[in-house]
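Chemist: need a structure here:
(chains A and B)
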2 protein chains.
Amino acid sequence: MDLKFLQELIMPAETKIVMIIMDGLGGLPLEPGGKTELETAVTPNLDALAALSALGLTVPVGPGITVESGPGHLGIFGYDPILYRIGRGVLEAVGLDLDLGPNDVAARGNYCSVDAAGVVMDRRAGRIPTDVSKELSKLLATRIEDVEFLVETVKEHRLAIIMRGPSLGSALTSSDPQKNGLPPLLVRALNPDSEKTARLVNQFVERARKVLVAHTPKQLANMILLRGFDKYPDLPTFPQVFGLRAAAIAVNPTYRGIAKLVGMQVLPVDGGLVTDEFTTLEKNWNEFDFFYLHVKNTDLAGEDGDFARKVSIIEEVDGLMPRLMALKPDVIIVSGDHSTPAVLKGHSWHPVPTLVYGKYVRADGIAEFGERACGRGSLGALPAKHIMPLALANAQRLAKYSA
Amino acid sequence: MDLKFLQELIMPAETKIVMIIMDGLGGLPLEPGGKTELETAVTPNLDALAALSALGLTVPVGPGITVESGPGHLGIFGYDPILYRIGRGVLEAVGLDLDLGPNDVAARGNYCSVDAAGVVMDRRAGRIPTDVSKELSKLLATRIEDVEFLVETVKEHRLAIIMRGPSLGSALTSSDPQKNGLPPLLVRALNPDSEKTARLVNQFVERARKVLVAHTPKQLANMILLRGFDKYPDLPTFPQVFGLRAAAIAVNPTYRGIAKLVGMQVLPVDGGLVTDEFTTLEKNWNEFDFFYLHVKNTDLAGEDGDFARKVSIIEEVDGLMPRLMALKPDVIIVSGDHSTPAVLKGHSWHPVPTLVYGKYVRADGIAEFGERACGRGSLGALPAKHIMPLALANAQRLAKYSA
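Modeler: Sure thing, here's the model as predicted:
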């Protein structure tokens, strides 16, 4: 069942769908037999909603596969994340509203700390302050041969890099060794069209290393890592495929970027809190059929290994649910793009607790929103990409299939 | 796992499989938290059978997809309903035992009521009596250029139409707007081979409109709607693929048609009641390996929004189960082709409660046949097409797979 099959069944309706994505929602207990972050959180509103919902565990890409945010979001947005791919560099660039041309190549960068031997000690350079990062990024922007290198700080150590010039390819390996204790890797071309780009990228990285060391010899950010090389992708959009006027409510540029790439209108959020995102939802309620609302801090708490903070952020979202219910959406999805268990301090492969609520949902009658409760739900363990068709069906936006 | 893979594993056996399909079996509660039709029905025999069965919820085509009877049945018969498609017109024609040649194009027709502006007021023309419908159908049969139009009443407002002549194609859009309040659509060709057919079909519809209005100006049936254009399909059959001498016990022509297309022998039923179908089963017990027994009225009650009637039909089937058990089938499947919740008054996307009983089934020990009970079953939420391999395995008709 591909997007084209679905597209042919789409019919117009007046219904509204809201998708709340708590980033990295799925978790693990601190000790065997214990409760996960979500199970620990006191969530009376989500539990009440679960009682009226169909529950399941979504698998972002496949069993055992840990995903980054890009494929995690593509899955829950209804796209097959193996078929449709967006390099992380493109997500960062589009998220920052940078002008990404069809022949440009974008990359995601990190400032990092290396020791005297060149081994990576901290892949995030101690999460350096954003203002320091921005100052350094100005020094890195350059031109090598006929290619322009644009460098923009996303936030803290995170960079968006755009290469602009003739004959660039994006089939490149990463320079990021993905863990501390290893040296950065040379970037290699995976096809002949990308060989020039690989050569120039390696020159760019070497220049960046010298510039950073020369700038302030003892600072944390003394090297960069690059990954996620890609060009602007050609994705079927939410209006085209699903017939939805879709809006995105997200603070973080990565998620604003991916939403824009799938054809959502990215709404301004006045302030950076989840409550501000709910205010944006309320203000724009009449203008759209579909709202994606993204909560970032669950993932950050998980990555920091902070179980208690992840619990409290889930409770914060739960406390805001009455404001969503007051809008009387026809269909609500609460899920995540992947799991980020605090005990793993990173993304993981575990399926993600998910509820689908609506007037015509066949509710499981399980009054609890948690990993094990969802494991008992009637949706079973299902590919994340199946959630959008279920949401559309429950919103009565899919016609009957006949031959 | 396609049919060819399965076919290579088939081995002969003396076992018997019975598949009871209650049309539109799956339902919804009248109120949130309430019971569905099946959960409401008092079904001691099905509950006892469930206790000895593996339970699950079958998904006819894919999550969120609502199906017509054709793809719904193909799925539960083991065929991928996206890969194998049969136009509704073919189902109706074959179900009526009309002679459908390899170059003929069949369509499903409805008598409908339109207002003075040509807008459809009732897609079923008040379900006009079958004898009136038959009389009108005689008036519609005609010849346009070198193409013969045969028109047969199936029942009430429902028609089977066959076009016979040179150079006909079946890649045609529907004229049925699928809901009241819209005008009929012009039929369009989807490829050049079907352009002649589209042109003649539109002429045929225009002529039918004039004939019907002229006949009795104030009657309900003053227009027709056409859909489901197709030619005779080339399906692998039950004897070929599954090695089964298969019989169909169904009263309604559509289901007799689809059974015939997959190579079942369609048995005569003396009377129109479910009890008569069970009598046919008993009479023919020694002659076949596989029996498909179809119960139509669950779907009709659902379509009429009659929750109580759907409950009572399920109870009627339950009451007949001892007659089935007395035959000692090796494997029993009880399921539906799709859901038809009374609250939706139509087919829906909800997965279908299903039980697989047999001596070697690993029973779940859940002594209840209902949506939520099946949602807890070990089969989980599974594609309907997976039921046939399970039935064959439990009937010890599948050899071990080795490379």
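
Chemist: Can you give me every residue that contacts residue A:301?
Modeler: Contacts for residue A:301 were tallied using CB atoms under 8 Å, 6 or more residues apart in numbering or on different chains; they are A:307, A:309, A:310, A:313, A:342. Backbone N, C-alpha and C define where each C-beta goes, glycine included.

Chemist: For the first one, give its distance to residue A:300.
Modeler: Okay, so that is residue A:307. Using CB to CB, to the nearest Å, residue A:307 is found at 13 Å from residue A:300.

Chemist: Mind checking which of these two has more residues around it?
Modeler: When neighbours are counted by other CB atoms under 10 Å in any protein chain shown, residue A:307 and residue A:300 differ, and residue A:307 comes out ahead with 20 against 16.

Chemist: hang on, the more buried one packs against residue A:344?
Modeler: No: with contacts counted by CB atoms under 8 Å, residue A:307 stays clear of residue A:344, the gap being 11.0 Å.

Chemist: pretty sure residue A:213 is touching residue A:222, no?
Modeler: Yes: using CB under 8 Å, residue A:213 and residue A:222 qualify as a contacting pair, with a distance of 5.5 Å.

Chemist: Distance of the closest residue to chain B within the stretch 101-250 of chain A relative to residue A:19?
Modeler: Ranked by CB to the nearest CB, the top residue of the stretch 101-250 of chain A for proximity to chain B is residue A:242, at 11.3 Å. Here the distance between residue A:242 and residue A:19 works out to 12 Å (CB to CB).

Chemist: Which residues are in contact with each of those two?
Modeler: The overlap between the contact sets of residue A:242 and residue A:19 (CB under 8 Å, 6+ apart) consists of residue A:290.

Chemist: who's in contact with residue A:336?
Modeler: If you count contacts by CB under 8 Å, 6+ apart, residue A:336 has them with A:21, A:22, A:23, A:24, A:25, A:26, A:72, A:76, A:298, A:352, A:353, A:354.

Chemist: if we can go back for a sec, highest neighbour count among the contacts of residue A:301?
Modeler: Note: the member of the contacts of residue A:301 with the most neighbours is residue A:310, at 30 neighbours, neighbours being other CB under 10 Å.

Chemist: which other helices and strands contact the helix or strand encompassing it?
Modeler: Here residue A:310 is covered by helix A:307-326, with elements defined by DSSP states H and E. The contact analysis (3 or more CB pairs under 8 Å, 6 or more residues apart in numbering or on different chains; DSSP states H and E) places helix A:307-326 against strand A:17-22, helix A:37-40, helix A:44-51, helix A:274-283, helix A:297-303.

Chemist: For residue B:230, find the nearest of these.
Modeler: For residue B:230, the closest of the helices and strands packed on helix A:307-326 is strand A:17-22, at 34.0 Å, according to CB to CB.

Chemist: Would you mind naming the helix or strand containing residue A:294?
Modeler: For residue A:294, the secondary-structure element it belongs to, assigned by DSSP H and E, is strand A:290-295.

Chemist: Residue A:185 is in contact with residue A:172, isn't it?
Modeler: No: the criterion here is CB under 8 Å, and residue A:185 misses it with residue A:172 at 10.9 Å.

Chemist: quick one, which of those two is more surrounded?
Modeler: A side-by-side neighbour count of residue A:185 and residue A:172, using other CB under 10 Å, places residue A:172 first with 27 against 16.

Chemist: what's that one sitting at in phi/psi?
Modeler: The phi and psi values for residue A:172, taken as degrees, to the nearest 10, are phi -130, psi 140.

Chemist: State the distance from it to residue A:182.
Modeler: The spacing between residue A:172 and residue A:182, counted by CB to CB, is 19 Å.

Chemist: thinking residue A:201 is in contact with residue A:224, fair?
Modeler: No: the criterion here is CB under 8 Å, and residue A:201 misses it with residue A:224 at 10.7 Å.

Chemist: then stretch A:79-88 to CSV, C-alphas only?
Modeler: Coordinates of each C-alpha in stretch A:79-88 appear next as CSV, following Å, rounded to 0.1, in the frame of the first residue of the first chain:
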residue,chain,number,x,y,z
TYR,A,79,6.2,8.0,4.2
ASP,A,80,8.3,4.8,3.9
PRO,A,81,11.6,6.0,5.5
ILE,A,82,13.6,3.5,3.4
LEU,A,83,12.1,4.7,0.2
TYR,A,84,12.1,8.4,1.0
ARG,A,85,15.3,9.8,2.4
ILE,A,86,16.3,13.3,3.4
GLY,A,87,19.9,14.0,4.4
ARG,A,88,20.3,15.6,7.8
